[in-house]
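**Q** Here is a sequence together with a model predicted from it:
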Amino acid sequence: MLSQPISVTFSQGNGKDITIGTGKLARQADGAVTVQQGNCIILATVVANKEPKDGQSFFPMSVDYQEKFASAGRIPGSFFKREGRLSDSEVLISRLVDRALRPLFPEDYLCDVQVLITLISSDKEVMPDALACLAASAALAVSDIPVKEIISEVRVARIAGEFVVNPTRTQLADADMDFIIAATEKNLMMVEGESQECSEEDLVKTLEIAHDAIRVQIAAQAELRAKKGITTKRDYKKPEQNEAIQQLVADFCSAKMYEISKSASSKEQRSEAFAALKQALIESLGETAEASDKSFAKKYFDDLQWEIVRNMILDDRIRLDGRQLDQVRPLAMEVDVLPTPHGSALFTRGETQSLTTVTLGTPLDELLVESAAQSEYSKFILHYNFPPFSTGEVKMMRGVGRREVGHGNLAMRSLKQMMPGGDYAYTTRIVSDILESNGSSSMATVCAGSLALMDAGVPFPKHVSGVAMGLITRGADGKYAILTDILGDEDHLGDMDFKVTGTRDGICGVQMDIKVDGLSMEVMREALQQARNGRLHILDAMYECVPAARPEVKPHTPRMEKLIIDKEFIGAVIGPGGKVIQEIQRVTGATVNIEEVGNTGEVSIFSATKDSLMQAINWVRGITAIPEVGSVYEGTVKSIKEFGAFVEFLPKKEGLLHISEISWKRLETMDGIFKEGDTVQVKLLDVDPRTGKFKLSHKALLPRPEQPARNSERS
């Protein structure tokens with residue numbers, strides 16, 4: 001018999017109650033819930049296979065978040081008029097949920113798990129990404145899938161100095177801090193967000209506020225689970241173990257593995273040494289060893305390596321490459337490394353290297369970012385590429401992966417904090433190509449991007465750098481080690497990895513994944529302070545390389561300016577049927593784009609040469625200028641009559657230069673005075689209030705001739 005619908009409602013955030021319900025939709029899934037706030041409704045389902053696949057050695061979980069366009073009463077704009085592959089925004093939300101859920105599953109649980117989260121009804125003011133993880137966790141809570149704990153996720157933003165939980169979309173537009181945090185009842189699990197140079201203490205306060213809000217959501221999920229009657233979780237097949245092989249691996253490898261970890265200075269040396277040791281281990285089993293024994297040996301080898309390296313760092317305070325715990329790897333950086341891009345930089349930190357370029361384009365190059373709730377254009381774009389050769393591997397190139405989208409987004413959000421405002425005319429695209437990677441290529445992208453932006457002449461006021469941090473803990477004796485600028489291997493074996501970006505004055509971006517229970521806020525504060533020290537060290541080197549942005553763009557960069565005009569002049573610039581704007585483009589060779597923004601018009605003018613740009617700018621300014629009596633203009637003679645000449649002193653504005661106003665000398669005829677096309681300086685004397693006709697003078701700009709002296713007495 002199918003279960004009856006049940007629900008739990010609680011208050012939090014933007015003044016609208018949140019309701020979690022189950023038992024009505026998708027009842028054949030292992031767990032299915034809806035989460036509703038206002039008109040926003042999210043459906044989350046979770047299904048897990050009962051048995052792992054044969055030979056399965058890792059936990060295969062997939063999380064997909066998708067927004068149905070019908071949820072907002074819209075039809076997709078694609079050719080097929082249906083939802084296609086996940087957008088970057090949907091991928092980023094999927095990653096937020098995945099990173100929070102993954103640590104909840106037992107380490108020996110290897111069954112396939114699929115979590116699907118769908119926005120089925122949209123609310124313009126409710127941000128669905130802040131509710132997606134709540135929905136996914138609730139679906140797991142009302143299922144019998146064996147998760148260790150209930151979690152949830154909230155957004156905390158600082159708006160006008162006040163911290164707000166799950167703000168509305170309108171409120172979020174004015175925030176100077178925007179973070180999404182996931183946590184269990186006791187422990188933080190994931191942090192991601194951006195800020196306008198907040199302090200480390202501001203971030204800690206954000207985490208504390210978020211954790212209190214998350215506990216409310218966890219209690220609601222527990223109540224829903226109790227109402228459904230879920231008291232036990234399903235049993236599952238655990239991977240087989242072989243204690244004899246495990247002991248053999250420990251005896252054969254422990255001492256040698258420690259020596260490799262302690263003495264190998266480069267990633268290549270370590271990889272080769274560990275590979276040779278693993279091969280020697282397999283050979284020691286003998287030719288008659290069963291395939292399962294070899295498989296166990298490889299697994300226990302990896303487990304032992306994880307344990308040996310962690311203990312070496314904790315006990316000996318020695319890292320894999322011999323650095324101190326708080327030491328940044330050697331830095332090398334240069335700009336203007338490529339002749340044709342508008343800006344370029346090569347940033348190398350240890351064995352991680354980013355070649356980054358900046359391209360400056362027109363408003364026509366803006367990126368359309370479309371979701372169910374809204375469509376908007378972005379003038380700042382960052383793309384991150386991670387080719388397989390960067391780690392010495394051979395892999396198929398099948399487009400951008402989720403990792404690349406996530407790392408690029410962190411770099412983009414960090415650099416965006418220092419980008420010029422909406423009056424900056426250029427569309428800016430940054431591309432980071434990772435040429436070599438051994439630890440935090442996303443942070444290399446931030447540093448290289450900052451250097452390249454300054455090289456391109458973008459008015460970027462401060463450098464932004466980033467550093468990846470690690471944390472290793474041991475519960476038995478309470479020891480911990482905070483690592484600055486972690487290697488790839490240290491990322492894999494750590495209990496927390498977090499990336500912090502910012503300027504000398506504060507934090508711009510954070511991405512943090514925590515895998516350990518019971519992390520205190522004091523340890524968090526210490527880690528953030530150590531991250532700040534590392535960030536400042538890198539910033540010092542960046543300022544030595546490029547102290548400030550170029551005062552102008554490079555000579556081969558297309559020129560662009562933006563003019564703000566009154567709304568009433570938009571029609572005059574465009575002209576009937578686009579005649580005027582087309583003429584401007586044809587004559588000057590510039591590209592002119594005009595948009596209505598509120599009560600003004602934004603005119604973006606783009607040209608390959610400065611002369612062409614200035615010609616178009618002056619043309620538009622002339623059209624939108626209001627003639628002022630007493631002002632002087634450079635005019636063009638358009639026609640000649642017997643009583644004077646008609647002069648165009650502003651685009652499409654002509655006035656009469658009467659024959660009496662040409663010279664202080666009396667002219668009998670216009671013959672030989674002007675010809676059509678001549679330029680002449682004129683002063684606007686008057687505007688007829690009745691007809692609007694303009695009266696011009698040239699003689700008013702000429703020195704008045706001296707009058708002959710009069711005789712005082714008649715002879």
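**A** All right, it came through fine.
**Q** hang on, isn't D321 packed against E268?
**A** No. Applying Cβ atoms under 8 Å, one finds D321 not in contact with E268, separated by 11.6 Å. Any C-beta I mention is one placed from the backbone N, CA and C, and that applies to glycine too.
**Q** More neighbours: which of those two?
**A** D321 (20 against 12; other Cβ atoms under 10 Å).
**Q** From K262, how far out is that one?
**A** D321 sits 11 Å away from K262, going by Cβ to Cβ, to the nearest Å.
**Q** Could you do V682 as well?
**A** V682 is 86 Å from K262, by Cβ to Cβ.
**Q** Same check on G577?
**A** Taken as Cβ to Cβ, the span from G577 to K262 is 77 Å.
**Q** Comparing those two, which shows the higher neighbour count?
**A** K262 (15 against 8).
**Q** And the helix or strand the more buried one falls within, what does it pack against?
**A** According to DSSP states H and E, K262 maps onto helix 243-263. Helix 243-263 is packed against helix 267-284, helix 291-316, with contacts defined by 3 or more Cβ pairs under 8 Å, 6 or more residues apart in numbering; DSSP states H and E.
**Q** what's the angle from that helix to helix 291-316?
**A** 40 degrees (axes from the mean of the first three to the mean of the last three Cα atoms, to 10 degrees).
**Q** Just the mean pLDDT for helix 243-263, thanks.
**A** Helix 243-263 carries an average pLDDT of 92.
**Q** who touches that helix?
**A** 270, 273-274, 277, 280-281, 284-285, 293, 296-297, 300-301, 304-305, 308-309, 312, 316, 318, 320 (Cβ atoms under 8 Å, 6 or more residues apart in numbering).
**Q** Likewise for stretch 523-536?
**A** 188, 200-201, 203-204, 207, 326, 328, 465-467, 469, 471, 480, 482, 484-485, 496, 498, 500-502, 504.
**Q** among those, which are in strands?
**A** 188, 465-467, 469, 471, 480, 482, 484, 496, 498, 500-502 (DSSP state E).
**Q** Closest one of the residues you listed to D176?
**A** Top of the list for closeness to D176, among the ones in strands among the contacts of stretch 523-536 and by Cβ to Cβ, is G502 at 13.4 Å.
**Q** I'd guess C133 is in a helix, am I close?
**A** Yes. C133 forms part of a helix when assessed by DSSP: H, G, I helix; E, B strand; the rest coil.
**Q** okay, it: pLDDT?
**A** Note for C133: predicted pLDDT of 96.
**Q** neighbours of the closest residue to it other than its chain neighbours, just the number please.
**A** Distance criterion Cβ to Cβ, 6 or more residues apart in numbering; nearest residue to C133, sequence neighbours excluded, is E153 at 3.3 Å. Neighbour count of E153, defined by other Cβ under 10 Å: 29.
**Q** E153 is in what secondary structure piece?
**A** strand 152-159.
**Q** Give the other helices and strands that whatever helix or strand comes next after that strand contacts.
**A** The C-terminal neighbour of strand 152-159 among helices and strands, as given by DSSP H and E, is strand 162-165. Contacts defined by 3+ Cβ pairs under 8 Å, 6+ apart place strand 162-165 against strand 152-159, helix 200-228.
**Q** Dump the ones you listed into CSV; add distance to V165 and mean pLDDT as well.
**A** Formatted as CSV, these follow (distance: least, Cβ to Cβ, whole Å; pLDDT from 0 to 100):
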stretch, distance to V165, mean pLDDT
strand 152-159, 6, 96
helix 200-228, 5, 95
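**Q** coming back round to it: what about burial for the contacts of helix 243-263, which qualify?
**A** Among these, the ones that count as buried by 16 or more other Cβ atoms under 10 Å are 270, 273-274, 277, 281, 285, 293, 296-297, 300-301, 304-305, 308-309, 312, 318, 320.
**Q** Just the buried ones from the contacts of stretch 523-536?
**A** 188, 200, 203, 207, 328, 465-467, 469, 471, 480, 482, 484-485, 496, 498, 500-502.
**Q** G470 versus V142, what's the distance?
**A** Applying Cβ to Cβ to V142 and G470 gives a distance of 36 Å.
**Q** Ok, A572 next?
**A** Taking Cβ to Cβ, one finds A572 at 61 Å from G470.
**Q** Which of those two has more residues huddled nearby?
**A** G470 (26 against 17).
**Q** quick one: that one and H492 touch, right?
**A** No. G470 lies out of contact with H492 (Cβ under 8 Å); the separation is 9.7 Å.
**Q** so H537 sits in a strand?
**A** No. Counting by three-state DSSP, one finds H537 to be helix, located in no strand.
**Q** and it, what is it in contact with?
**A** V328.
**Q** if you set the cut-off to 10 Å instead, what comes out?
**A** 326-328, 331, 465, 467, 484-485 (Cβ atoms under 10 Å, 6 or more residues apart in numbering).
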